[in-house]
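Student: no sequence on this one, just coordinates:
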């Protein structure tokens, strides 16, 4: 990889920045605002005066528009509206000078007189500079000068200042109120110089019906310039410059001719999606034009494409080349590589003729989406100047990255990423389901592999993806500014900018919590079976965690100032609460099914709870529609998301199936045993390690110390039960009590009374109503404890589970080392090797992680190594790791050896890939597990050693005991 140096040179270096007002509302940036005026500072606003804004009348219309927006932003913050002039001679004392290189006579004069040095941004793409200048003219004492290398650069500088003073980029799209101030003072030695690392940075409005489309139709009639102006401004405030417009049932250029004119005025580079070549929207191709088939319909397609390029010739564009099937479908089997290469050849002929210049001088992109990547892999090539747009798998996992040879291409490479998708194994379009740590992990790979020409992300309806959109675009502007170590900091900075410092830490926890919850299992993929009702208390644990987040979000909502509540609802409370409702609803459905099967009389109450939560989901949507900003956002939650039966969403939310459990009109005892699906007196399932009738999982010294037997009522009358242990080492919390609905019997072991004689067996008998009562087997192993001087993880309950970051030793190799990615993955965090390069390791010299364990079991064990669901993005390589316990021969395992559709679908449903290895332990005691990284991009989340007791669950057991 090339070594890249950050281009942010300096920002407001004086001690002023350490004072109270030094907090910057600009994410991740130091403040250049001062708390009080000092000699040489620029006073934009104070109690006595306001500075004058200046922009040359010959500057770009988009720059003048942005300057007017800044004028309005200053008024939002201070309640004082500064004057905006194009007459420099009228300015006295304090000024804010705005200008684009070559379009502002005053800026050119300042350069010529050496008042400002713009050599750092001259001829740079989208660059800007902000600096304080003393005595720029005879009548101006101090000025803040914002200069851009092009029209976008100037706008970015303007909006940089707007964000610094307290206007969120989401002031309109999420109703974030401006932060009020009585004065705005710029520190005298302010000097900011920035330019992007990724050339084209943007979003794709896609899968936009019903939600966005219904909202647009209600408010604007169609996707016209009145709508897109809000999108364009947002993009500039987020330092983006690139857009694929909504296209499901619309054509950007046809719906409103002002769309493309205003996009260019703002400085937004327009393109069309991966399957819409030559600046033509899919909807422009009607049945009257015949088949979408170049071999048989070239005479129609050629002029159709030519017309698209001619129409957009006056405007800044990136032209999509290539061809997919009609309506974003694969090409037919009859299409071949030579035909596709000829299509591109003809498209470039059109481009060259229309622009009257070599096609290589006109920006073009070829999206290697789905099967199109297969054409490339089989040898199809496009000219060197065309940007190769590599794609993820529609679930946030990049499929392919440039090889060293491909990085030499003049056109470079980019990434098409997804926050939203319509397709298998399940469409997900409702709310945000991606964590910023996941974005970082994947897009960092892209950046390190020089896929830095285009970053475009499918954002669905735009709302409610505000949080990941901004992170993606901030990272696109400068990935080096946001290393993995700053992932936790980002959420706090974001919360502080939007809602102030007081509750920023709590809000950050909410954002991280709900996004990680949804990443583990998207709401659309959840059902009553997702989280285990039987093992590891999983369903209860997951539901409790997300309900706790909901409670915290609701409590914070009540504390928010009135003018911030709408924004807090949209950005924080709604996604947290919506996620909690869905998960809890499916938990209640799962309990209803289980309890109805077991015959519990109160199964029906869980059906009622599920119905209430289904209604709560509808009520929350109604609240979004009607109570936010006087109904401003009605329809944005129109997307159905409950009741999937296949990959596509249902036509409307549908209540999951519920069961009734008719009660007996008498006392009727049932007995449920922890970990068993069936309840006495029905057929029982077995729980490791025993076979036979009802039994509790085996006890050991380090595992779960209390297990439960639940006595429940299948009838309407109360009854009394009695419980008796067969051995003195079995402790019962209750031996007799009356049961109205249900009663738990806690079972534990008195280890002082338990013989040390291998496997101990006993039982608990429960009698009440019915014949004979239930007998529940109890077993335990009273092993010696681990030596006190041992430090590591202990086997308990038949497994050892370890989070990846809790290694005993991390061994680097040739400058490569395992490093932690905070907040990444399904559980605690992840570990991955840095730096990211093309280097493939030999097992004899690879960086490894070592984990120390104490295992009481002997014989065969298996190790599940859980990794992120990455793809083998380097051609010819997999995602291999090596593993060994103690001094055994290393086993090399490729987690992407099986790349079948079924394997991939499971990897994205569960957000992981698992490598399983088998080992033989000859003795009990201390053991060392080592995991070696062999291929780049391997990201380890946890390991689970199964010594025979691992039970089925979605997330796996909690981490095993650690002896320190």
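Tutor: Alright, I've got the coordinates. Note that the coordinates shown come from a computational prediction; the quantities given were computed from them, not determined experimentally.
Student: and the contacts of the strand or helix carrying residue 468?
Tutor: In the assignment (DSSP states H and E), residue 468 maps to helix 466-477. The contact list for helix 466-477 (C-beta atoms under 8 Å, 6 or more residues apart in numbering) reads 27-28, 169-170, 173-174, 194, 196-198, 201-203, 238-240, 417, 419, 432, 434, 436, 439-440, 443, 455, 457, 459, 462, 481-482, 490, 494, 511, 515, 570-571. In short, each C-beta sits where N, CA and C put it, glycine included.
Student: same question for it, mean pLDDT?
Tutor: Averaged across helix 466-477, pLDDT comes to 98.
Student: what's downstream of it, the next helix or strand?
Tutor: Next in sequence after helix 466-477, counting helices and strands by DSSP H and E, comes helix 487-499.
Student: tilt between that next one and helix 466-477?
Tutor: 120 degrees (axes from the mean of the first three to the mean of the last three C-alpha atoms, to 10 degrees).
Student: can we start the residue count at 2 from this point?
Tutor: Will do, 2 is the new start, and the previous item becomes helix 488-500.
Student: ok, residues contacting helix 488-500?
Tutor: Residues from elsewhere that reach helix 488-500 (C-beta under 8 Å, 6+ apart): 24, 26-29, 164, 169, 171, 175, 177, 437-438, 441, 468, 471-472, 475, 483, 504-506, 508-509, 512-513, 561, 565, 568-569, 572-573, 822-825.
Student: roughly how far out does that helix sit from the chain middle?
Tutor: The gap between the average C-alpha position of helix 488-500 and the chain average comes to 15 Å, counting by C-alpha atoms, centre = their mean, to the nearest Å.
Student: and the helix holding residue 469, how far out from the chain's middle?
Tutor: 10 Å.
Student: do stretch 723-730 as well
Tutor: Centroid separation between stretch 723-730 and its chain, computed with C-alpha atoms, centre = their mean, is 51 Å.
Student: check stretch 915-929 too.
Tutor: Distance, stretch centre to chain centre, for stretch 915-929: 35 Å (C-alpha atoms, centre = their mean).
Student: rounded mean pLDDT for that stretch, please.
Tutor: pLDDT averaged over stretch 915-929 gives 98.
Student: just stretch 318-325 next, same as before
Tutor: 95.
Student: elements contacting the helix-or-strand element of the chain with minimal mean pLDDT?
Tutor: Within the chain, confidence by mean pLDDT, DSSP states H and E is lowest for helix 372-378 among all helices and strands, at a mean of 89. Counting contacts by 3 or more C-beta pairs under 8 Å, 6 or more residues apart in numbering; DSSP states H and E, helix 372-378 packs against strand 388-392.
Student: packing partners for the next helix or strand after the strand it packs on?
Tutor: Using DSSP H and E, the helix or strand that follows strand 388-392 in sequence is strand 414-419. Secondary-structure packing of strand 414-419 (3+ C-beta pairs under 8 Å, 6+ apart): strand 388-392, helix 437-449, strand 455-461.
Student: just list whatever residues bridge to the residue lying closest to residue 947 once chain neighbours are set aside.
Tutor: Nearest non-adjacent residue to residue 947, counting by C-beta to C-beta, 6 or more residues apart in numbering: residue 863, 4.8 Å away. Bridge pairing for residue 863 (DSSP bridges) gives the partners residue 919, residue 947.
Student: what is the neighbour count of residue 863?
Tutor: Neighbour count for residue 863, taken as other C-beta atoms under 10 Å: 15.
Student: repeat for the one 4 residues further on
Tutor: The local packing of residue 867 (other C-beta under 10 Å) involves 25 other residues.
Student: repeat for the one 5 residues further on
Tutor: Burial of residue 872 is recorded as 21 neighbouring residues (other C-beta under 10 Å).
Student: so what's it up against?
Tutor: 394, 398, 399, 400, 401, 880, 897.
Student: wait, the first one touches residue 417, no?
Tutor: No. The pair residue 394 / residue 417 is not scored as a contact, 11.0 Å apart, by C-beta atoms under 8 Å.
Student: between those two, which one's more packed in?
Tutor: residue 417 (23 against 17).
Student: so who does the residue nearest to that one when sequence neighbours are not counted touch?
Tutor: Of all residues not flanking residue 417 in the chain, residue 392 sits nearest, at 4.4 Å (C-beta to C-beta, 6+ apart). Going by C-beta under 8 Å, 6+ apart, residue 392 touches 275, 368, 369, 370, 371, 374, 399, 400, 401, 416, 417, 418.
Student: just the buried ones from the contacts of helix 488-500?
Tutor: Neighbour-count burial (16 or more other C-beta atoms under 10 Å) applied to the contacts of helix 488-500 gives 24, 26-29, 164, 169, 171, 175, 177, 437-438, 441, 468, 471-472, 475, 483, 504-505, 508-509, 512-513, 561, 565, 568-569, 572-573, 822-825.
Student: what is the burial count for residue 371?
Tutor: Other residues close to residue 371 by other C-beta under 10 Å number 18.
Student: quick check on it: phi, psi?
Tutor: As for residue 371, its main-chain torsions (degrees, to the nearest 10) stand at phi 50, psi -120.
Student: tell me where the stretch 202-351 of the chain has helices.
Tutor: 212-221, 226-238, 253-256, 259-267, 295-313, 338-356 (DSSP state H, counting those that start in this stretch).
Student: closest one to residue 623 among those helices?
Tutor: helix 212-221 (14.6 Å; C-beta to C-beta).
Student: could I get the contacts of residue 872 as JSON lines with pLDDT and distance to residue 582?
Tutor: Listed next are the contacts of residue 872 as JSON lines, based on pLDDT from 0 to 100; distance: C-beta to C-beta, whole Å:
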{"residue": "394", "pLDDT": "98", "distance to residue 582": "29"}
{"residue": "398", "pLDDT": "98", "distance to residue 582": "28"}
{"residue": "399", "pLDDT": "98", "distance to residue 582": "32"}
{"residue": "400", "pLDDT": "98", "distance to residue 582": "34"}
{"residue": "401", "pLDDT": "98", "distance to residue 582": "38"}
{"residue": "880", "pLDDT": "98", "distance to residue 582": "36"}
{"residue": "897", "pLDDT": "98", "distance to residue 582": "36"}
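Student: among those, name the buried ones.
Tutor: By 16+ other C-beta under 10 Å, those give 394, 398, 399, 400, 401, 880, 897 as buried.
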